[in-house]
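Engineer: model this:
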Amino acid sequence: SSYLAQRGASVVAFDYSKKMIELAKRRQSQYAKQIEFCVADATDRKHEPEEYLSMAKELYTSENFQVQEIGVFLFGYASSEFPSALNFLRDVVSSHPSWKVQEVLAMAFDLYCSISGYEKSLPVIKEWLKDSRANVRRAVSEGLRIWTNRDYFKENPQVAIELLSGLKADESDYVRKSIGNALRDISKKYPILIDKELSSWNLSDKRTMQVYKLAYRYIQEKNLMNGEQI
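Structural biologist: Model (predicted):
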């Protein structure tokens, strides 16, 4: 931390031990303006959900977006037990200006689904995919990639394809790119299912065509390698 601070960088340092954080603060007091010290352990699932929620709230209030990212991730842990945490992710975090925080929002949503169970989470997945905010919709499409590597969707790839295809003409370019890439992921294991879905699309719509090109890219490349005519 001090190495980076000496070179003018803003640094976030955290440890699960409050005692160690206090010791570090004293040792690095000359860099108090550049180093932000936090007590947190984002990898330990032994904490109770209440502890995750408490840590998440504290970290998200930081002025440093890197610390906020940790808070967002912990909200994901807590959200399976606390609807308020899931609502915070949807209503507050989705409006954060940093694209990096939005990437962690997607991870946090997947974490919620993983802990709760993907099949059980279907109502929430569908709800978020219909949300008016692009960042909320993308949190689902991007967070669950690769969809068919996730429980439930492994056995039900058609469900994943149908959910994603419902946003093929989304108004947000940000979302459409995520949808196209997610469908392309699935095409690597289920090219026939994706080909069948894509063949039913109306390609006169520019938005749909954009997603189609992304989703069909892997199949197209395989066809070219095999000498098949497109």
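
Engineer: kindly format the C-alpha coordinates of the lengthiest helix in the chain as CSV.
Structural biologist: Taking DSSP state H as the criterion, the chain has its longest helix at helix 206-225. In CSV, the C-alpha atoms belonging to helix 206-225 read as follows (Å, rounded to 0.1, in the frame of the first residue of the first chain):
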residue,chain,number,x,y,z
LYS,A,206,-31.6,-2.7,-36.8
ARG,A,207,-31.5,-3.5,-33.1
THR,A,208,-32.3,-7.1,-33.6
MET,A,209,-29.8,-7.4,-36.5
GLN,A,210,-27.1,-6.1,-34.2
VAL,A,211,-27.8,-8.8,-31.6
TYR,A,212,-28.1,-11.4,-34.4
LYS,A,213,-24.6,-10.7,-35.7
LEU,A,214,-23.1,-11.0,-32.2
ALA,A,215,-25.1,-14.2,-31.4
TYR,A,216,-24.4,-15.9,-34.7
ARG,A,217,-20.7,-15.1,-34.9
TYR,A,218,-19.5,-18.4,-33.5
ILE,A,219,-21.8,-20.5,-35.6
GLN,A,220,-20.8,-18.5,-38.7
GLU,A,221,-17.1,-19.0,-38.0
LYS,A,222,-17.6,-22.8,-37.5
ASN,A,223,-19.5,-23.0,-40.8
LEU,A,224,-16.7,-21.2,-42.6
MET,A,225,-14.1,-23.5,-41.1
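
Engineer: I'd like to know which elements that helix is packed against.
Structural biologist: Applying 3 or more C-beta pairs under 8 Å, 6 or more residues apart in numbering; DSSP states H and E, one finds that helix 206-225 makes contact with helix 173-187, helix 191-198. For the C-beta atoms, the positions are set from N, CA and C on the backbone; glycine is no exception.

Engineer: would CSV of these with mean pLDDT, distance to Q68 and mean neighbour count be doable?
Structural biologist: Output for the helices and strands packed on helix 206-225, formatted as CSV (pLDDT from 0 to 100; distance: least, C-beta to C-beta, whole Å; neighbours: other C-beta atoms under 10 Å):
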stretch, mean pLDDT, distance to Q68, mean neighbour count
helix 173-187, 97, 20, 22
helix 191-198, 97, 36, 16
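
Engineer: quick one, which of the ones you listed is nearest to D205?
Structural biologist: Across the helices and strands packed on helix 206-225, the minimum distance to D205, taken as C-beta to C-beta, is reached by helix 173-187, at 11.1 Å.

Engineer: so D151 makes contact with I115?
Structural biologist: No. Counting by C-beta atoms under 8 Å, D151 sits too far from I115 to count as a contact (11.4 Å).

Engineer: which one of these two is surrounded by more residues?
Structural biologist: For D151 versus I115, neighbours defined as other C-beta atoms under 10 Å are more numerous around I115 (16 against 12).
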